[in-house]
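*Asks:* can't give you the sequence, but here's the structure:
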Ligand SMILES: Nc1ncnc2c1ncn2[C@@H]1O[C@H](COP(=O)(O)OP(=O)(O)OP(=O)(O)O)[C@@H](O)[C@H]1O
């Protein structure tokens, strides 16, 4: 008698009820899918794939950068305040709860502004890159001109390398570097190896900071550049001169040549990455490839 009541609900056997449940659930499931429709399902799958791809690209881009640390910091801040708010509410610490919950509200209100301020360098880099990508390459002309500029730069760099004169030379390309030029002293002299060596000669009033080349001119000297935060550079125990070279090439499409004061080693920074231990010949080859279209574009503007 007792075991029979355990196997029934009312007069319906438990086995039958389980079967009905299963059947009803399946029916609901099938109907739901029918209602949604194949098109909506496909769209949802595409939607999820696109969002996943966006997250993947963002995470790859910020991997090993300052952005990830900042994002972690902001996330930790919110988790912390949420916890304080929740626990203080549970325990009954009213003032603390009042403070924490208001902090959450105001933090959310000001979060967009905070993000813009905190991630300003990253946003600038991103938008600059976007603008750079849609620019068309200018045709080449006036072969001799730019070759002689490269020769002058390499000659100057070689002299400084042999004499262990520290130097940081930035070559402007498509993205204007006017704001960095403004931090230094305007020069406006034709690019000559002697000019470059004189600028960086120890104790010269212009030797500190970076010299920027625009077209065929040494446009400015003693310029202050942004420092790269790349963690890879920390591993290589690289100082501020090299960090500044990487920094400017992260924020623009410029290229930067560094001569180490300590070792005389020649390096070239492109897109935030440093190629070290270059011979003057190697540097020459790289410069010929990299600054050619840009100098030509500027020549064309001048002639026009
Ligand atoms: N933000 C900056 N913008 C431009 N130049 C900078 C900047 N920071 C440092 N420098 C230049 O780098 C010099 C200091 O170089 P530091 O010795 O720290 O770097 P390094 O990479 O180890 O170079 P080196 O191998 O020549 O010693 C400064 O005297 C200055 O000329």
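*Replies:* Structure's in. What do you need? None of these values were measured; they are calculated from a predicted model.

*Asks:* Give me the phi and psi for whichever residue of the stretch 101-250 of the chain sits closest to the ligand.
*Replies:* Residue of the stretch 101-250 of the chain nearest the ligand, by Cβ to the nearest ligand atom: residue 239 (2.1 Å). All C-beta atoms are positioned from the backbone trio N, CA, C, and that covers glycine. The phi and psi torsions at residue 239 (degrees, to the nearest 10) take the values phi -80, psi -170.

*Asks:* Tell me, how many residues neighbour it?
*Replies:* 13 (other Cβ atoms under 10 Å).

*Asks:* again with residue 13
*Replies:* Other residues lying near residue 13 total 13 when counted by other Cβ under 10 Å.

*Asks:* Residue 280: neighbouring residues, count only.
*Replies:* Residues near residue 280, counting by other Cβ under 10 Å, number 15.

*Asks:* Oh, that last question was meant for residue 178, not what I typed.
*Replies:* Other residues near residue 178 come to 12 when the count uses other Cβ under 10 Å.

*Asks:* Name the residues of this structure found near the ligand, please.
*Replies:* Residues of the chain lying close to the ligand (Cβ under 6 Å from any ligand atom) are 166, 168, 208-210, 224-225, 227, 238-242, 244, 260-262.

*Asks:* Would you mind listing which of those residues are buried?
*Replies:* Neighbour-count burial (16 or more other Cβ atoms under 10 Å) applied to the residues of the chain next to the ligand gives 166, 168, 209, 210, 225, 227, 238, 241, 242, 244, 260, 261.

*Asks:* In contact with the first one: list those residues for me.
*Replies:* Residue 166 makes contact with 160, 200, 207, 241, 259, 260, 261, 262, according to Cβ atoms under 8 Å, 6 or more residues apart in numbering.

*Asks:* For the strand or helix carrying residue 53, name the packing helices and strands.
*Replies:* Here residue 53 sits within helix 38-62, counting by DSSP states H and E. Under the contact criterion of 3 or more Cβ pairs under 8 Å, 6 or more residues apart in numbering; DSSP states H and E, helix 38-62 touches helix 66-91.

*Asks:* from the middle of its chain, how far away would the helix it packs on be?
*Replies:* Computed by Cα atoms, centre = their mean, to the nearest Å, the chain-centroid distance of helix 66-91 equals 25 Å.

*Asks:* coming back round to it: out of the buried ones among the residues of the chain next to the ligand, flag the one nearest to residue 48.
*Replies:* Proximity of those to residue 48 (Cβ to Cβ) peaks at residue 227, which lies at 39.3 Å.

*Asks:* What ranges does this protein have for its strands?
*Replies:* Taking DSSP state E as the criterion, the chain contains strands spanning 8-9, 12-13, 167-171, 185-190, 210-214, 217-223, 255-259, 266-270, 273-278.

*Asks:* Turn these into JSON lines, including mean pLDDT.
*Replies:* Formatted as JSON lines, these follow (pLDDT from 0 to 100):
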{"stretch": "strand 8-9", "mean pLDDT": "64"}
{"stretch": "strand 12-13", "mean pLDDT": "68"}
{"stretch": "strand 167-171", "mean pLDDT": "97"}
{"stretch": "strand 185-190", "mean pLDDT": "93"}
{"stretch": "strand 210-214", "mean pLDDT": "95"}
{"stretch": "strand 217-223", "mean pLDDT": "95"}
{"stretch": "strand 255-259", "mean pLDDT": "97"}
{"stretch": "strand 266-270", "mean pLDDT": "96"}
{"stretch": "strand 273-278", "mean pLDDT": "94"}
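
*Asks:* And the ones you listed: which comes nearest residue 47?
*Replies:* strand 273-278 (35.3 Å).

*Asks:* what's the closest one packed up against?
*Replies:* Packing contacts for strand 273-278, counted by 3+ Cβ pairs under 8 Å, 6+ apart, involve helix 240-251, strand 266-270.

*Asks:* Would you mark the buried spots in stretch 192-201?
*Replies:* Neighbour counts over stretch 192-201 (16+ other Cβ under 10 Å) mark 192, 193, 195, 196, 197, 199, 200 as buried.

*Asks:* Mark which of those residues are part of helices, please.
*Replies:* 193, 195, 196, 197, 199, 200 (DSSP state H).

*Asks:* need the contact list for the second one.
*Replies:* In this case it means residue 195. Counting by Cβ under 8 Å, 6+ apart, residue 195 touches 156, 187, 189, 218.

*Asks:* Farthest pair within those?
*Replies:* 156 and 187 (13.8 Å).
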